[in-house]
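Q: Next come a sequence and a model predicted from it.
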Amino acid sequence: MMSFKKTTSTILAATLILSGALIAPAAQAGEDDDARFLGNGVTRNNRDPIQTGGLLADYPTNVEPNTGLRVQPPTGTQLLKGQRFDLRVETQIPSTNGQAPVLKSLTVNGTDVTASFTAKIAAQDAADPSGVESGKGGLTSSLYGNTVRNLSFNAPGIYTVTAVVTVDGVDRTVTNVYPVADFALRGNVKHVAFFLGDAMGLPVRTAARIAGKGVFEGRAKGKLNMDRMDEYGLTYTASFDSLITDSAPGMANYITGLKQPNNSLNASGDNTPGSGSQRLDNPRIETLWEYMKRVYGWKIGIVADAFITDATPASAAAHTRSRGERFSIAQQYLDLYRDGSAQPATGYAGLRELTQPLDVIIGSGARDFLPDNNVDLINFYRYAATAGRDDGLNLFTEATALGYSVVKNLTELNAAPSNKPLLGIFVGDFRPGNALGVDNVPGTLDRLVARGLAKINGQDATNPALGLTAAVSGTGTCGATVQACFQSAPSKKEMVAKAVEVLNTLAGPSGGWMLLIEQSQSDKLAHPLEYERVIYEALELDEALGFVLNDPTLQGNTLSVVTADHAQPETIIGVALPGSIIAGGATAPGGCFATTGGSYPITLGSVSLTSRPCDLQDVVGTFNDGTFTTYVDANSDGYPDDPDPTIKLVIDDGGRPTYSQDYLTNFIPLSPSGSSAALPNPNRDPNGILLTGNMPTRNVLPSQPNPGAALTTASANKTNGNTGVAPHSGEDVPISASGPGADLFAGTYDNTDVHVRIGFALSGKLSRRNLNLGSPYTGVPTTTPAGTNLTGF
Amino acid sequence: MRSPLFALVLALAVPAGSALAENVYGRVYDTLSGEIFGETRIVMFNATEKKEALTDKDGAYWIRDLKPGPYLVRIVIPKRGEIVGRAMVYAKMPTTIVNLDLARIEAPDHDDNY
């Protein structure tokens, strides 16, 4: 009888071990596997292969198959020498004999560390009897679960960790293997600027170049800054548990070497999935930002146009199983641990040791920093009174007491001293009905219009339809009008310029810094399919990139990396002539489709038009009609003066809700879907073509069937989710790099391998050709060191 | 994709007369909200099989003696309705763990989670 040792896992498991014991390798294969013929190679296999149906499925992981025993971080996690991580051993299937499972042994490269492990658990439990410090708050006694916090391997090599836990009287075993790369700061790289264009896949970069620079007789008339970098590669964006990542692991994987589950920030899953502390106590890993500050005293910063506790910026500095823990994340940025607040101190000594206060925090989302009913929250930032922190903390006051400058508009930002850490929180898009929302800095196009630098379809800020003329009521507001408020929000370049100035000053001539710069709205405006605006977002990130690449204080010693966390299924499908649409051209009003009282059935076309829905069907110029676009930049600010020139790009989406499209830029960003993802927003392009969607729509049965009762087919849709937005997509994304070590980023690799490449660059390696050749700066030796080299117990 | 040697190994490894009866264990929870779903009905089904269970107070359930293969999983949550997920039940595994994380199964309903 063959014994099943473990499932195949992910990267490290080329472990198809065909030894004499005939251990079956692949978990997916059953008696029939996918072979067309039975084992004799001749007789037709007439049973359905296991993989029938092509349905999505749960995924294999590296666990002991009787008890779900596993060790976190998962096998294959790529660590740097000295990088901190929590080591967790846990079972997932409960014991049945009434006795608690027991750790029998834990070995590292054959050396027993059980006593050290259990001693540190005991010490953690003594400090926090509730068990949160050891990751077992709320854990039932029939499961094993213990986390030792903040260990690290202090020598490079391959480390095999084996845990044996006794459950129901039987010893169960699981093994993880960790490659640990060497690291030694050489000093030739003193700054790392990591530009993350959220959802900035290849089509977005292409569209930004076409719109921003133009094309003449087929040749690009110019290149973006991101087109002129030293080296290019591709990254694979899958998270620990999904081909389609979200922005949390999408960024966090880049700077930890850990494949993380969707929605997780620098933490792996565990067997306590409950609320509160059970989400904050998950096994964690140190980010490169934290590592460089802790070990080398470097300064660290985050800049975004999203609410600053959003997943991408939080990837540099926060740890939680749930990216939605915004209030806790804001405190972790400031290293502010206080019992009774969203981020307690008791039970989180390990977390406190791990997190490092950020020196520069620039973004939006004042509700994570200000308490309910705060005057600035309401009057300046335009949130509802109850939108703020319910623990009563005022993090602006706290930050000031900690020595930060706290600023909330461009004037204050420019005036802030460069020798103090900086917290800058700016106003969001608070126009009624807009698809971006008050949490997020207004989009680039909308801010350009507010500054008089752009128009939309020939309309400027004075047209009330753009929502900028409205007065802003109250005292202590962001401005007298919406336009004035939008003018007060800095551009990405303005944010980055100040961040660099502050980081340079704080780091001093001998120090260094890491800066994460996110362009968030390339994603947040792509979700509602506001694609003209997405082009402006990529251009704004590119402008900030140009500042860093050309800054005289950063020449020769700055590694700049530009990439995306994932893409969206949007691409360039052709061009369109807006003039033909408006000037009595393609479509008479109300021509393309009609709902039945806002619902189904929906009629396309009309009695008189039976060959196609409407003349708008012909608007897209494709194939030989893909003539070159005519964006104009008369004021030379680097942005098209109007997103609807004579000939404009058409970007559309392969994954979307039902929506209508008239190929003209909306005056304010609008949601594509209406009362559900199956119906278009009646306020958006009502005269447009109907584009039916392929995203799940909400489908809830009106009542719960009794146990045993027949289930209907009404839930044929695969999820209960209402996805009235475009999704993320699963393809590789481009990564580009400039500066010392840029060559290391050529090639194609998992996003988790970016972390070790930045480490190599900081260690002075210049070329990827000798990444595995045993030179003094080799990243990942294949040797197994003697001893555990595991410190932190 | 599988080599002939692999297929041969599997054929030899299958004990004669084995019943294809696998066990599934899992918990139903939502990692984003931290909710654990006890007293929740789970139905695993495909074209030929259908079995159900009720989760305990920890949101945990067992379903035994399932044929290996792909399944849809209906999760019936009080006051919320039905949510459909999927699972792959593996052959020759003592237990297939199918944790049903609603944060994964459901599409994000809040743009903070994109």
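A: Ah, there it is. None of the values given here were measured: they were computed from a predicted structure.

Q: can you map out the helices along chain B?
A: B:4-13, B:102-105 (DSSP state H).

Q: hey, least reliable of those by pLDDT?
A: Mean pLDDT across those is lowest at helix B:4-13; the value there is a mean of 37.

Q: So, low pLDDT: which residues of chain B?
A: B:1-19 (pLDDT under 70).

Q: For beta bridges, what are the partners of B:Gly81?
A: Beta bridges link B:Gly81 to B:Ile77 when assigned by DSSP bridges.

Q: and it, how many residues sit next to it?
A: 18 (other Cβ atoms under 10 Å in any protein chain shown). Glycine gets a C-beta too; all of them are placed from N, C-alpha and C.

Q: same check, this time on A:Asp335
A: Neighbours of A:Asp335 (other Cβ under 10 Å): 14.

Q: Next: A:Asp642.
A: A:Asp642: 24 neighbours (other Cβ under 10 Å).

Q: Map the structural domains onto the sequence of chain A.
A: Domains of chain A are assigned by automatic domain parsing as A:1-60, A:62-181, A:191-442+A:489-569+A:729-770, A:572-654+A:656-700.

Q: As TSV, these with distance to A:Gly476 would be great.
A: TSV is the format used below for the domains of chain A (distance: least, Cβ to Cβ, whole Å):
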stretch	distance to A:Gly476
domain A:1-60	51
domain A:62-181	40
domain A:191-442+A:489-569+A:729-770	5
domain A:572-654+A:656-700	25
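
Q: Just the strands from chain B, written as ranges.
A: Taking DSSP state E as the criterion, chain B carries its strands at B:22-30, B:35-36, B:41-45, B:50-54, B:60-66, B:69-77, B:81-89, B:96-97, B:100-101.

Q: wait, which of these is closest to A:Ile255?
A: Closest of the strands of chain B to A:Ile255 is strand B:100-101, at 24.4 Å (criterion: Cβ to Cβ).

Q: I would like the residues contacting that closest one, please.
A: A:273, B:26-31, B:42, B:73, B:75, B:85 (Cβ atoms under 8 Å, 6 or more residues apart in numbering or on different chains).

Q: out of those, who's nearest A:Cys592?
A: Using Cβ to Cβ, the contacts of strand B:100-101 come closest to A:Cys592 at B:Gly85, 36.9 Å.

Q: Report how many residues lie close to that closest one.
A: What B:Gly85 shows, counting by other Cβ under 10 Å, is a neighbour count of 25.

Q: What of the one 10 residues further on?
A: Under the neighbour criterion other Cβ under 10 Å, B:Thr95 is assigned a count of 22.

Q: Let me see the backbone angles for it.
A: phi -150, psi 130 (degrees, to the nearest 10).

Q: then the helix or strand of chain A with the lowest mean pLDDT to PDB, C-alphas only?
A: Scoring the helices and strands of chain A by mean pLDDT, DSSP states H and E places helix A:578-582 at the bottom, with a mean of 76. Provided in PDB are the C-alpha atoms of helix A:578-582 (Å, rounded to 0.1, in the frame of the first residue of the first chain):
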ATOM      1  CA  PRO A 578     -15.400  62.100 -31.500                       C
ATOM      2  CA  GLY A 579     -16.500  64.800 -33.900                       C
ATOM      3  CA  SER A 580     -18.400  62.200 -36.000                       C
ATOM      4  CA  ILE A 581     -20.300  61.100 -32.900                       C
ATOM      5  CA  ILE A 582     -21.400  64.500 -31.700                       C
END
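
Q: Buried residues in that helix, which are they?
A: Neighbour-count burial for helix A:578-582, counted by 16 or more other Cβ atoms under 10 Å in any protein chain shown, picks out A:578, A:580-581.

Q: cool, stretch A:602-612 as well?
A: Here stretch A:602-612 shows A:Gly605 as buried, counting by 16+ other Cβ under 10 Å.

Q: before we move on, what about stretch A:759-766?
A: A:759-765.

Q: And it, end to end?
A: Taking Cα to Cα, to the nearest Å, stretch A:759-766 runs 11 Å from one end to the other.

Q: Many thanks, have a good one.
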